[in-house]
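**Student:** Sequence and predicted structure, then a few things I'm wondering about:
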Amino acid sequence: MVGLVGFRGLIHAASVEVTVSSDVSASASVAQAAIRTEVLIIGAGPCGLFQVFELGLLGIGAHIVDSLARPGGQCTELYPEKPIYDIPALPVCGAQELVERLLEQIKPFKAQMHLGQEVTAFAAREDGRFDVQTVTGTRFDAGAVVLAAGVGSFQPRRIGLEGAEAFEGSAIHYRVKDSASLHGQQLVVFGGGDSALDWTLELAPKARSLTLVHRRHEFRAAPASVARMRDLVSAGRMRCFEGLPESLIVADGELRGVNIKLLDGTSPAVHALEAQKLLVFFGLHPKLGPIAEWGLELERKALKVDTEKFQTSVPGVFAVGDINTYPGKKKLILSGFHEAALAAFAIQHHLYPQKKQFLQYTTTSPIMHQRLGVPD
Ligand SMILES: Cc1cc2nc3c(=O)[nH]c(=O)nc-3n(C[C@H](O)[C@H](O)[C@H](O)COP(=O)(O)OP(=O)(O)OC[C@H]3O[C@@H](n4cnc5c(N)ncnc54)[C@H](O)[C@@H]3O)c2cc1C
């Protein structure tokens with residue numbers, strides 16, 4: 001039996017300020033009542049979203065949680081603009097377009113999404129249900145759990161300077177929670193992608209000073225944003241350096257700035273920048289994280305499942321998409337969709353073992369039409 005893994009840490013974490021959450025607006029320090037659900041899906045990537053659909057067709061409701069602030073998993077975070085060519089019946093489909101189509105498809109089932117919340121605690125109960133909790137304190141009481149957690153939860157790449165940890169969340173930020181708190185401040189922004197450029201353009205007119213630091217002359221961000229940033233530099237409204245963070249400048253326990261190592265051949269190579277706040281946008285990297293500690297059988301960082309039910313080593317806990325492994329597994333969206341369909345039937349049997357199961361076609365089933373909200 002899986003124990004109360006992670007709950008001790010969470011009691012502590014529940015008192016921190018909430019970042020992005022559709023459930024909690026200010027602070028999660030007050031214990032909330034657990035949300036009772038037939039199924040909890042962890043991960044709102046393409047496979048988690050399609051799991052909502054397959055469960056919905058069978059009349060089973062779900063809540064879905066993701067550590068990211070928006071649904072879509074790898075498609076949205078890693079390659080939103082790229083075309084996908086191997087989705088059945090869609091000769092070509094943009095990755096973000098696929099996510100939007102899935103969101104449209106699951107609309108009739110009204111699954112509540114809990115975004116910006118990493119699931120960190122999981123416990124199988126004696127009565128066969130599951131207690132699950134997110135880092136912001138949202139609690140679930142679920143009849144079954146589907147792990148659709150892909151390659152893990154995406155974490156920001158950290159600045160990696162000595163002493164930085166002490167300032168993370170106060171003077172060093174990896175995402176902007178409250179942009180108004182940055183107005184009138186001396187800011188240094190690190191990064192060259194869309195997040196770095198979007199926040200640079202947003203904050204440059206409102207900050208006391210803003211300096212953008214990127215390791216190369218070329219930027220990954222949208223060319224129009226880069227052009228606007230260069231215009232601001234030409235107009236003397238902000239500065240831009242080619243460099244890397246070298247060390248923090250700290251006095252009396254407060255962050256006063258950052259030394260950067262210039263990479264454009266300028267001498268001296270280290271340059272000090274005054275700053276009250278550092279905004280670091282070095283991208284995200286996936287981490288299997290807490291799921292690896294929940295006592296579920298793993299094989300090379302993936303959850304072992306059977307190919308009939310896509311159930312893990314714990315009855316009632318299923319895994320679909322990139323997170324699972326079985327003989328012949330291929331990490332493709334198409335495979336995850338198939339897994340979600342079979343897992344839905346297995347979940348129905350797990351929740352309602354007395355219920356007779358039979359296959360219905362969406363083309364002809366009146367009950368499925370009713371669930372889909374389409375007229376007969
Ligand atoms: C560049 C690139 C191109 C690709 N092209 C194709 C292609 O052409 N065709 C194809 O079939 N596949 C392609 N893939 C692979 C495809 O994107 C994946 O197979 C697919 O995204 C897997 O979906 P998923 O829902 O299983 O997981 P993911 O998309 O990884 O989503 C998992 C979600 O779970 C969340 N999560 C994880 N842990 C937690 C936690 N503890 N708490 C809360 N949330 C959590 C994550 O934040 C994430 O949003 C490509 C991948 C890449 C990187």
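**Tutor:** Yep, it's here.
**Student:** near the ligand, which residues of the chain?
**Tutor:** By the rule CB under 6 Å from any ligand atom, the part of the chain lying against the ligand is 42-48, 65-68, 73-75, 78-79, 84, 86, 118-119, 148-154, 289-291, 321-323, 331-334, 336. For the C-beta atoms, the positions are set from N, CA and C on the backbone; glycine is no exception.
**Student:** Now list the buried members of those.
**Tutor:** Among these, those buried by neighbour count (16 or more other CB atoms under 10 Å) are 42-48, 65-68, 73-75, 84, 118-119, 148-154, 289-291, 321-323, 333, 336.
**Student:** all strands for the stretch 101-250 of the chain, in order.
**Tutor:** Using DSSP state E, counting those that start in this stretch, the strands found in the stretch 101-250 of the chain span residues 112-114, 119-124, 130-134, 139-147, 153-156, 172-173, 186-190, 209-214, 239-251.
**Student:** what number of residues lie near A251?
**Tutor:** Using other CB atoms under 10 Å, A251 is surrounded by 8 other residues.
**Student:** Apologies, that question was intended for E242.
**Tutor:** By other CB under 10 Å, the burial measure for E242, its neighbour count, is 17.
**Student:** In three-state terms, label the closest residue to it other than its chain neighbours for me.
**Tutor:** Spatial nearest neighbour of E242, chain neighbours left out: D264 (4.3 Å); criterion: CB to CB, 6 or more residues apart in numbering. Assigned by DSSP: H, G, I helix; E, B strand; the rest coil, the conformation of D264 is coil.
**Student:** OK, contacts around D264?
**Tutor:** 217, 241-243 (CB atoms under 8 Å, 6 or more residues apart in numbering).
**Student:** What of V213?
**Tutor:** Residues near V213 by CB under 8 Å, 6+ apart: 188-190, 240-245, 260, 273.
**Student:** Out of those, the closest to the ligand would be?
**Tutor:** Of all the contacts of V213, the ligand sits closest to F190, with 22.4 Å by CB to the nearest ligand atom.
**Student:** OK, now which residue of the stretch 51-200 of the chain is nearest to the ligand?
**Tutor:** G150 (1.9 Å).
**Student:** Give the full set of residues in contact with that residue.
**Tutor:** Contacts of G150 (CB under 8 Å, 6+ apart): 43, 45, 47, 73-74, 286, 321-323.
**Student:** Relative to R256, how far out is the residue nearest to E242?
**Tutor:** 24 Å (CB to CB, to the nearest Å).
**Student:** Look up the closest residue to Q112, ignoring the ones flanking it.
**Tutor:** Q112 sits nearest to H63 (CB to CB, 6+ apart), 5.0 Å away.
**Student:** Each with direction, which strands does the helix or strand hosting that neighbour pair with?
**Tutor:** H63 is part of strand 62-65, with elements assigned from DSSP states H and E. Strand pairing for strand 62-65, using DSSP bridges, gives strand 35-42 (parallel), strand 112-114 (parallel).
**Student:** Point out the most buried one among these.
**Tutor:** Highest mean neighbour count of the strands paired with strand 62-65: strand 35-42, a mean of 22 (counted as mean count of other CB atoms under 10 Å).
**Student:** angle of that strand against strand 119-124?
**Tutor:** Between strand 35-42 and strand 119-124, the angle comes out at 110 degrees (axes from the mean of the first three to the mean of the last three CA atoms, to 10 degrees).
**Student:** next structured bit after strand 35-42?
**Tutor:** The element immediately downstream of strand 35-42 (helix or strand, assigned by DSSP H and E) is helix 46-57.
**Student:** buried residues in that next one?
**Tutor:** Neighbour count says helix 46-57 has 46-57 buried, by 16+ other CB under 10 Å.
**Student:** Now the phi/psi pair for V270, please.
**Tutor:** As for V270, its main-chain torsions (degrees, to the nearest 10) stand at phi -110, psi 130.
**Student:** Next: L284.
**Tutor:** The phi/psi pair for L284 (degrees, to the nearest 10) is phi -120, psi 150.
**Student:** sorry, back to before: please tabulate the buried residues of helix 46-57 in TSV, including the columns pLDDT and distance to L103.
**Tutor:** Formatted as TSV, the buried residues of helix 46-57 follow (pLDDT from 0 to 100; distance: CB to CB, whole Å):
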residue	pLDDT	distance to L103
P46	98	10
C47	98	14
G48	98	11
L49	98	7
F50	98	11
Q51	98	13
V52	98	10
F53	98	10
E54	98	15
L55	98	15
G56	98	13
L57	97	16
